[in-house]
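Chemist: Let's see this in three dimensions:
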Amino acid sequence: MLVRCICVDDEAYASTLLKAYIEKIPFLAFVGSTTSPVEALGWVSEGRCDLVFLDIQMPELTGLQFLKLAGHKCKVILTTAYPEYALEGYEHDVVDYLLKPIAFDRFLKAAQKAQALLQPTTSAPAPNNAGSVETSGTGAAHPDYMFVKGESKNKFLRINYADILFIEGLKNYVQLHLPQQRVVTYQTLKDLEEQLPQPPFYRVHKSYIIAIDKVRMVDGHTLYIEDKEIPLGETYRDGFFKLIREKEQG
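Modeler: I've put the predicted structure just below:
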C-alpha cells in the first residue's frame, strides 16, 4: 500500500527537503505541505493522509498540541531541532523522532517503521507469496524488503528479505550474503537487527544474523548455510534452539 504523507513545518526549506525525500521512496506518496497546523488537522480529519511529518515549534499550535488534538487518526513522525521533546513525543505514540538536519538514511528508517505500522491487519490466512513475512504475535504484515545504503552517498539498494542467507558484521559496516551476491552497507549490525523481522531472522553470534529457514545443518556450535560455516555463540544458543523447536511444533 502507498502511505500518503503530509508535511507540517513553518520553514519552507524543511518542507521542501521532506518532500524530496518522500518522492525518493517508492512506498510513500506526497499529498501536500502546509505551514499551518490547523489546516493540517483539517486534512487529518478528512482522512486525506496516513502519515504526518510534524515540526514541534510552530505558531498557532505546537506539534505536541497537534498530537493531542489529532488523537490516533494518523501516524506521526516528529521533525525538530530540539531533542528535549523526544520523551513527551513518544508518550503520544509517535512513530519516530527525527532531529534536524535530517539525513536521508535516517528518514528512510523512520518511513519503514511507519510502513510496517500502517500495513493492514487481517485474521484471514496470508496469501502464500514468496518472500512475505509476518511479525510474530501481532497479525500485522511486515514489509517483505528493506532499503540499505549503497557504496555512493545517495544510492540505496532494495533487498528482499527472502533473498538473505545471513548477515555478517564487520566493524562499522555489514555484509549481506545473498545467493548470487554480497552487498556491503555502512551501518552497524545492531541497527540492522532492529529492522529485520524476527523470526525468520535471528542473531546467533555477536557478528552474525541468520535466516533460520536457510540453515541446512547444525553441528554442535556450528551452523551451515550453503557452504558457509557460521559460529553459534553461547549467549544465543538457547534462544536459537527454542526457535527451532517452535518451528518443528508449528
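Chemist: ranges for the helices of this protein?
Modeler: 12-24, 37-45, 63-70, 86-91, 104-118, 189-195, 234-249 (DSSP state H).
Chemist: quick one, which of these is nearest to residue 214?
Modeler: When these are compared by C-beta to C-beta, helix 234-249 sits nearest residue 214, at 12.7 Å. C-betas here are computed from N, CA, C, even on glycine.
Chemist: Which strands and helices lie in contact with the closest one?
Modeler: If you count contacts as 3 or more C-beta pairs under 8 Å, 6 or more residues apart in numbering; DSSP states H and E, helix 234-249 packs onto strand 201-205.
Chemist: Include mean pLDDT and distance to residue 202 when you put the helices of the chain into a markdown table, please.
Modeler: What follows is the helices of the chain, written out as a markdown table (pLDDT from 0 to 100; distance: least, C-beta to C-beta, whole Å):
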| stretch | mean pLDDT | distance to residue 202 |
| --- | --- | --- |
| helix 12-24 | 92 | 31 |
| helix 37-45 | 90 | 38 |
| helix 63-70 | 82 | 35 |
| helix 86-91 | 56 | 27 |
| helix 104-118 | 90 | 18 |
| helix 189-195 | 79 | 9 |
| helix 234-249 | 77 | 6 |
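Chemist: Output those as a markdown table; include the columns distance to residue 208 and mean neighbour count.
Modeler: Formatted as a markdown table, these follow (distance: least, C-beta to C-beta, whole Å; neighbours: other C-beta atoms under 10 Å):
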| stretch | distance to residue 208 | mean neighbour count |
| --- | --- | --- |
| helix 12-24 | 31 | 16 |
| helix 37-45 | 43 | 18 |
| helix 63-70 | 40 | 18 |
| helix 86-91 | 31 | 14 |
| helix 104-118 | 22 | 19 |
| helix 189-195 | 8 | 15 |
| helix 234-249 | 9 | 12 |
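Chemist: Out of these, which gets nearest to residue 164?
Modeler: helix 189-195 (10.2 Å).
Chemist: And that closest one, how far out from the chain middle?
Modeler: 10 Å (C-alpha atoms, centre = their mean, to the nearest Å).
Chemist: Need the helices of the chain in JSON lines (columns: distance to residue 97).
Modeler: Formatted as JSON lines, those follow (distance: least, C-beta to C-beta, whole Å):
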{"stretch": "helix 12-24", "distance to residue 97": "14"}
{"stretch": "helix 37-45", "distance to residue 97": "17"}
{"stretch": "helix 63-70", "distance to residue 97": "10"}
{"stretch": "helix 86-91", "distance to residue 97": "5"}
{"stretch": "helix 104-118", "distance to residue 97": "8"}
{"stretch": "helix 189-195", "distance to residue 97": "15"}
{"stretch": "helix 234-249", "distance to residue 97": "30"}
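Chemist: List just the one of those that sits closest to residue 177.
Modeler: Set against residue 177 and scored by C-beta to C-beta, these come closest in helix 189-195, at 12.8 Å.
Chemist: Check what contacts that closest one and list those residues.
Modeler: 109, 112, 146, 148, 167, 169, 174, 185, 201, 203, 207, 209 (C-beta atoms under 8 Å, 6 or more residues apart in numbering).
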